[in-house]
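# Here is the input, now give the coordinates:
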Amino acid sequence: MALQLNLKKSAETLRLSLEKAGVAADIKAELIFDMDVSGSFEHEHEEGTTSKLVARLVPYGMVLDPDGKVDVFSFSHGKGHVHHVGTVTPDDCENYIVRNVIDKVPGWKGGTTYSYVLERNLQHFGWLPREKEREGFFSRFFGGSTKEAPVSARKRSVVIFVTDGENDPSDEERTMWVLEESEKRGDQVYFLFMGACEHTVEFKFLETIARRFKNTGVVIVRDLDGFVELSDEQLNAQLLGTELIDWLRS
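Residues are numbered from 1 along each chain as shown. I've put the predicted structure just below:
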């Protein structure tokens, strides 16, 4: 990877930025990276730009995530194209998307819907029950009953959601519903949406989400190649908005 990182130094810089903002040193939050794998984002994945982005975000896991392992989900169009890729750590972040996502995940080069991956995130963090599952293989043939999958322990969490395109209009209502229900339950989750596209995508829906909910923020990046080359201080200044800082301090 052309970008040479000192992840330990980046983590120390992030910790200092948080301390200056009044965030206690012992604050923890589980982290998820949601990565759009729709067809329009293919170039950035194949050229390694999104792998660099993941590497730049790893220090957030080092500082905030209790075990330092950040879960990575990929998504494109629909429920069946949400995929838990695995976890990323400082030791395996180099070329992470190139090695683990390209041509390997369901929905590669598909369309774009937001709601299903957000719902899966909430299940992963324990704020929603997981889907019902059948009792045993043979029960499928004999009308066996379903049972609730185990519910994960509820975890204070941050989702960093990266997309290069607007949500399919058919999914906008469902996305708002998922976020509204999460707000009603009082889920302790902050969603940071990153719209990354140098073209004419306006990300109006992301802006609407950010205005509507107190636990959502949006960062629009028009030059992703330039963004991943920012200094630690510059990158933190863009990602650590007032609302996220307030959420971490609450």
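
# Thr112 and His45, how far apart?
Look at Thr112 and His45: by CB to CB, to the nearest Å, they are 14 Å apart. C-beta here means a position set from N, CA and C on the backbone, and glycine is covered the same way.

# chain center to the longest helix along the chain, what's the gap?
Criterion DSSP state H: the longest helix present in the chain is helix 49-64. Counting by CA atoms, centre = their mean, to the nearest Å, helix 49-64 is centred 11 Å from the centre of its parent chain.

# got the angle for whichever helix or strand comes after it vs helix 49-64?
Using DSSP states H and E, the next helix or strand after helix 49-64 towards the C-terminus is strand 70-75. If you take axes from the mean of the first three to the mean of the last three CA atoms, to 10 degrees, strand 70-75 sits at 140 degrees to helix 49-64.

# continuing past strand 70-75, what's the next helix or strand?
Proceeding N to C from strand 70-75, the next assigned helix or strand is strand 83-88, under DSSP H and E.

# can I have that next one written out in CSV, keeping just the CAs?
Below are the C-alpha coordinates for strand 83-88, written out as CSV (Å, rounded to 0.1, in the frame of the first residue of the first chain):
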residue,chain,number,x,y,z
HIS,A,83,-22.6,-9.7,4.2
HIS,A,84,-20.5,-9.9,7.3
VAL,A,85,-17.0,-9.9,5.8
GLY,A,86,-15.2,-10.4,9.1
THR,A,87,-13.1,-8.2,11.3
VAL,A,88,-10.2,-5.9,10.6
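
# quick one, it and helix 49-64 angle?
60 degrees.

# Name the helix or strand of this protein that has the lowest mean pLDDT.
Counting by mean pLDDT, DSSP states H and E, the weakest-scoring helix or strand in the chain turns out to be strand 133-134, with a mean of 42.
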